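Participant: just the structure for this:
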Amino acid sequence: MVLGVGARNRTPGQPKDTTRNIEETGEFTINLVNEPMVSAMAVCAIEFPAEVDELAESGLDTTASLTVSPPRISAAPVQIECKRRLALSMGGAGRTLIIGEVTAMHVAEYLIDEATLRIDQPNLKLVGRAGSGGWYMRTTDMFQIKEPTLEEWES
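Facilitator: Numbering: from 1, shown residues only. The predicted model follows:
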């Protein structure tokens with residue numbers, strides 16, 4: 001399984017710590033954030049100098065990863081360990097698209113539906129940063145439709 005991550009640069013040609021660390025180590029973790037973590041997430045968005053550890057400043061605890069060097073954020077309900085496979089500079093946009101191969105994934109037990117062994121997606125209550133300027137978004141506006149099977153579609 002692979003995933004893509006858009007990483008912002010400080011300025012074009014000057015990557016933020018996240019991008020630089022991925023370039024140097026070839027490894028990274030993705031930690032999905034829920035509402036209780038939003039304040040700490042906002043601290044991690046501060047433009048600290050490169051020598052400042054944003055995680056330490058945020059007060060977030062970490063856990064050692066199983067397959068990569070970078071740690072995982074303990075409080076994150078979903079933690080994904082990855083090895084970089086490709087990084088594409090988006091030119092003047094000041095962004096880098098990083099493609100990573102998932103090597104391990106950790107999901108909080110309370111999110112696993114015991115009957116189906118699937119993730120209880122509505123219970124994730126994820127929050128994402130939506131660009132700069134302090135904009136964040138919730139993933140709670142979910143809806144479900146019946147997806148047709150191939151046989152239904154063909155008929």
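Participant: now residue 69: how far from residue 91?
Facilitator: 29 Å (CB to CB, to the nearest Å). Just so you know, the C-beta spots here come from the backbone N, C-alpha and C atoms, and that holds for glycine as well.
Participant: more neighbours, the two?
Facilitator: Legend: neighbour count by other CB atoms under 10 Å for residue 69 and residue 91, higher for residue 69 (13 against 8).
Participant: how close does that one sit to residue 62?
Facilitator: Taking CB to CB, one finds residue 69 at 12 Å from residue 62.
Participant: burial of the closest residue to residue 48 other than its chain neighbours, as a residue count?
Facilitator: Sequence neighbours aside, residue 54 is the residue nearest to residue 48 in space, at 5.7 Å (criterion: CB to CB, 6 or more residues apart in numbering). Using other CB under 10 Å, residue 54 has 17 neighbouring residues.
Participant: quick one: residues contacting residue 54.
Facilitator: 17, 43, 44, 46, 48 (CB atoms under 8 Å, 6 or more residues apart in numbering).
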